[in-house]
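# Build me a structure from this.
(chains A and B)
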Amino acid sequence: MSKMNTSSSELDLDRPNLEDYLPSGSIPEPHTQLKLCDLLDISPTLTEAAGAIIDDTFTRCFKSNPPEPWNFNIYLFPLWCMGVVVRYGFLFPLRVMVLAIGWIIFLSCYMPVHFLLKGHDKLRKKIERCLVELICCFFVASWTGVVKYHGPRPSIRPKQVFVANHTSMIDFIILEQMTAFAVIMQKHPGWVGLLQSTILESLGCIWFNRTEAKDREVVAKKLRDHVEGPDNNPLLIFPEGTCVNNHYTVMFKKGAFELGCTVCPVAVKYNKIFVDAFWNSRKQSFTTHLLQLMTSWAVVCDVWYLEPQKIKPGETPIEFAERVRDIISVRAGLKKVPWDGYLKYSRPSPKHRERKQQIFAEAMLRRLEDK
Amino acid sequence: MGTASSMLTQYDIEEVQEHCNNLFTQQEIVSLYGRFCQLDRNAKGFISADEFMSVPEFAMNPLSQRMLKMVDGLNFKDFVAFLSTFSSKANKRQKTELIFKVYDSDGNGKVTFEDMIEVLRDLSGSFMSDKQREEVLSQVLFEAGFSRECTLMLEDFMKVLDYPGLKMDVEVPVD
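Residues are numbered from 1 along each chain as shown, chains lettered A, B, ... in the order given. The predicted structure is shown next:
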C-alpha cells in the first residue's frame, strides 16, 4: 500500500507545472501609491486576452504546415499534373504492393516463431525483434523514406532511456527500423490498436490511456521494472506526450527523467519539401495520414542520436527534462514553448489563473497596509 | 493559410475594413481571417465559447469570462470590429469605451460600486476577502473625489484613465 502511495505522489509531480516556465507578466509593478486609475485600468489583462485571441504559441504548435504548392502557374501546372499521375497511378500501387509483401513475409515468419518457439524465450525474442525491424523497413519504404541517421546506433543495455521529439506515429516506425525499441504510447483505436496489443506487445511496449489517472500509476511502475531488465529492448519515450508539428517543442513530461537512468536524446527533423509529416490527429485518422504519406514523392528526414545525458547533482527532474529539451530543440531547430501538450485534451487548471490573481491581490493588499 | 486567404475577395476585405473603421490594413484582415478559420474548428462561421477557451493563454486570463460575453458567437466582421479596439490606430476613447463596457456588465451606461467590485473579484480571486476589496475600492474612490454611492459614467472613465501609460495595443502578425 505504501508503495502505491509513493508512486501516486510521484505521479502528481508529473502533472503539468506551467508556473515553472511562464514568465510572470500581465499585471504591472505596483505603484508606490495605488490610485483609482491603477484599479480601474484593466488594459494589461485585456490586452493579454486579445493577444491570445489573435495569436498564441500553443495553437501554433499543432498547426499543419503543408508544403508550398507549386502548381500556381500555367507552365508548372502540366508538370504538377504529371506528378499527380505518377504519384497516384504508379507510385501508390507500387507502395501498396511493397507493404503487402512486407506484411506477408512478416506474418508468415512471425506467427510460427511466436507460437512454436514458446520454450526458447531468448531466441524467440531475438527473431521477433529482427522481424519488427523488418516490417518497419517495409513501412519506411512504402513512403520512400529518405532517412539519414547521424551518430552512434543505440545499444541494448539496462538503465537507459531514449527520448525523442514527437511529430507523428511514423517517427516511431523510423526509429524502430534501426533498433527495436520498446515504446510507451497512447492506446489507439482501430487497426493500430490491434497491432499494439499483438505484435508490439512482444517488444515490451507499454500502452496507456492519456486521460486515465490509474493508467499513469501502472505505467510508472512498468517503466521502472522495464529499465532494470538487462535483456529488455531499449526504452523509447516521447516525453511531449502528443504530436507537435515539428516546428516547436512543448514541455517534456518528467516521468522519463526521474528513473535515475541515462537519458539518450534523439532529435527527429522532417524536411517538408514533399509532405508535412505532422499527424494532426484532430483532422485525420492515422490511416488517412499514412495514405497521404504514401501518395507523396518521399518523406525526407534526419535523425540524430545525441550525447547521453545524466542528471547533474542538485538538478531537479524538471530542470533535467528542460536541459534535454534544449539539446533536442537546438539540434532539430525547433522553438521551445512553455505549454503542456496535454492542454490539447483538457483545460489549464485554475492554478494558473490563481497565480495572476494572487499577484494582483498582493499589490492591493499592500495598499491597505500602507494606510 | 494560403487557401483561407484566397477565399476573401478584395470586396470582402474592403467591406470588413469599412466595418472596423479602417483600423486594420488589408493584410492584417487576411491574417485575422486565417486565425478566425483556425479557431472556428467546425467552420460554423462563428467562434463558440468552447473554441475560445481551447486557447490556454486565453482560458487562463482572469477576465476571460467577461471577454467571452463580448466575443462569443461573433461572425468574422464583428470579430474584427471587436479586435480593432486593440489596434494601435484606435484612439483612446475607443479603448476606454471597451474598458468601460467590461465594467458595465448590464450595459446601462453606468458603472456602480458593485460593478467595480465584481471586476476586482475576478482579478483577485480568493486572495482577498470581499471586505478587503470594498475597503480598498472605497478608499481610492474617495481619494479620487468620488463616493461609494457614485455611479461612474464613460466621461468619468475618460478622465480617470487619461494618462500616457494607458496602452492596449496588440499587433496582428502579418507574413
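# Can you check the pLDDT for residue 27?
Since no chain was named, I'll use chain A. The model reports residue A:27 with a pLDDT of 48.
# Actually, chain B is the one I wanted.
91.
# which residues sit in contact with residue A:299?
Contact partners of residue A:299, counting by Cβ atoms under 8 Å, 6 or more residues apart in numbering or on different chains, are A:140, A:143, A:144, A:145, A:146, A:147, A:170, A:270, A:274, A:275, A:277, A:293. Any C-beta I mention is one placed from the backbone N, CA and C, and that applies to glycine too.
# Near the third one, how many other residues are there?
When you say that, I think you mean residue A:144. 18 (other Cβ atoms under 10 Å in any protein chain shown).
# pLDDT wise, what is it at?
So, for residue A:144, pLDDT stands at 90.
# for it, what are its contacts?
A:91, A:95, A:297, A:298, A:299.
# if we can go back for a sec, name only those of the contacts of residue A:299 that count as buried.
Buried members of these, scored by 16 or more other Cβ atoms under 10 Å in any protein chain shown, are A:140, A:143, A:144, A:145, A:147, A:170, A:270, A:274, A:275, A:277, A:293.
# Out of those, list just those in helices.
Under the assignment DSSP state H, those contribute A:140, A:170, A:293 to helices.
# Look up phi and psi at the nearest residue to the second one once chain neighbours are set aside.
Same thing as residue A:170. Using Cβ to Cβ, 6 or more residues apart in numbering or on different chains and skipping the chain neighbours, the partner closest in space to residue A:170 is residue A:277 (6.3 Å). As for residue A:277, its main-chain torsions (degrees, to the nearest 10) stand at phi -80, psi 0.
# how close does residue A:277 get to residue A:209?
To residue A:209, residue A:277 is 25 Å away according to Cβ to Cβ, to the nearest Å.
# Then residue A:218?
10 Å.
# Test for you: state the pLDDT assigned to residue 31.
No chain in the question, so chain A it is. 48.
# you looked at the wrong chain, it should be chain B
91.
# pretty sure it is touching residue B:175, no?
Yes. Using Cβ atoms under 8 Å, residue B:31 is in contact with residue B:175, at 7.2 Å.
# Give me the more crowded residue out of the two.
When neighbours are counted by other Cβ under 10 Å, residue B:31 and residue B:175 differ, and residue B:31 comes out ahead with 21 against 7.
# and the residue nearest to the spatial centre of chain A, what does it touch?
Closest to where the C-alpha atoms of chain A average out (Cα atoms, centre = their mean) is residue A:166, at 3.0 Å. Neighbour list for residue A:166: A:238, A:240, A:241, A:242, A:243, A:244 [criterion: Cβ under 8 Å, 6+ apart].
# In a markdown table: these, plus neighbour count.
Formatted as a markdown table, the contacts of residue A:166 follow (neighbours: other Cβ atoms under 10 Å in any protein chain shown):
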| residue | neighbour count |
| --- | --- |
| A:238 | 28 |
| A:240 | 24 |
| A:241 | 24 |
| A:242 | 19 |
| A:243 | 25 |
| A:244 | 24 |
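# and those residues as CSV, adding secondary structure and pLDDT?
Formatted as CSV, the contacts of residue A:166 follow (DSSP: H, G, I helix; E, B strand; the rest coil; pLDDT from 0 to 100):
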residue, secondary structure, pLDDT
A:238, coil, 93
A:240, coil, 92
A:241, coil, 87
A:242, coil, 89
A:243, coil, 91
A:244, coil, 92
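# just these that are near chain B?
The subset of the contacts of residue A:166 lying close to chain B, counting by Cβ under 8 Å from any Cβ of the partner chain, is empty.
# next helix or strand past the helix or strand of chain B with the lowest mean pLDDT?
Of all helical and strand segments in chain B, the minimum by mean pLDDT, DSSP states H and E falls on helix B:2-6, at a mean of 46. Sequence order places helix B:10-19 as the next helix or strand after helix B:2-6, per DSSP states H and E.
# Just the angle for the helix or strand that that next one is followed by relative to helix B:10-19, thanks.
Remark: after helix B:10-19, the chain's next helix or strand is helix B:26-39, criterion DSSP H and E. Orientation check (axes from the mean of the first three to the mean of the last three Cα atoms, to 10 degrees): helix B:26-39 against helix B:10-19 gives 100 degrees.
# Whether helix B:26-39 contacts chain A - can you check?
Yes. Legend: contact between helix B:26-39 and chain A by Cβ under 8 Å from any Cβ is shown at B:32, B:35, B:38, B:39.
# The second one reaches residue A:55, doesn't it?
Looking back up the chat, that one is residue B:35. Yes. Residue B:35 lies in contact with residue A:55 (Cβ under 8 Å); the separation is 6.7 Å.
# Which helix or which strand is home to residue A:161?
strand A:160-164.
# where along the stretch 151-300 of chain A do the helices fall?
A:170-176, A:190-198, A:213-228, A:286-294 (DSSP state H, counting those that start in this stretch).
# quick one, what contacts residue A:187?
A:193, A:196, A:207, A:208, A:209 are the contacts of residue A:187 under Cβ under 8 Å, 6+ apart.
# Retrieve the pLDDT associated with it.
84.
# Just want the phi and psi numbers for it.
Dihedral angles (degrees, to the nearest 10) for residue A:187: phi -70, psi 130.
# chain center to the strand holding residue A:161, what's the gap?
In terms of Cα atoms, centre = their mean, to the nearest Å, the centre of strand A:160-164 is found 12 Å from the chain centre.
# is it true that residue A:46 touches residue B:64?
No. Between residue A:46 and residue B:64 there is no contact under Cβ under 8 Å: 10.4 Å.
# Quick check: chain neighbours aside, which residue is closest to residue B:88?
The nearest residue in space to residue B:88 (Cβ to Cβ, 6+ apart) is residue B:169, at 4.3 Å.
# and that neighbour, that's in a strand?
No. Membership of residue B:169 in a strand is not supported by DSSP: H, G, I helix; E, B strand; the rest coil, which gives coil.
# pretty sure it contacts residue B:85?
No. Contact criterion Cβ under 8 Å: residue B:169 and residue B:85 do not qualify, at 10.0 Å.
# Which one's more surrounded, those two?
A direct count of neighbours by other Cβ under 10 Å for residue B:169 and residue B:85 places residue B:85 higher, at 22 against 15.
# pLDDT below threshold where in chain A?
A:1-33, A:370-371 (pLDDT under 70).
# which residues in it form strands?
Assigned by DSSP state E, the strands in chain A fall at A:145-150, A:160-164, A:182-186, A:206-208, A:235-237, A:248-249, A:262-271, A:299-305, A:335-336.
# Return the list of strands paired to the fourth one, each annotated with direction.
Strand A:206-208 has these partner strands in its sheet, going by DSSP bridges: strand A:182-186 (parallel).
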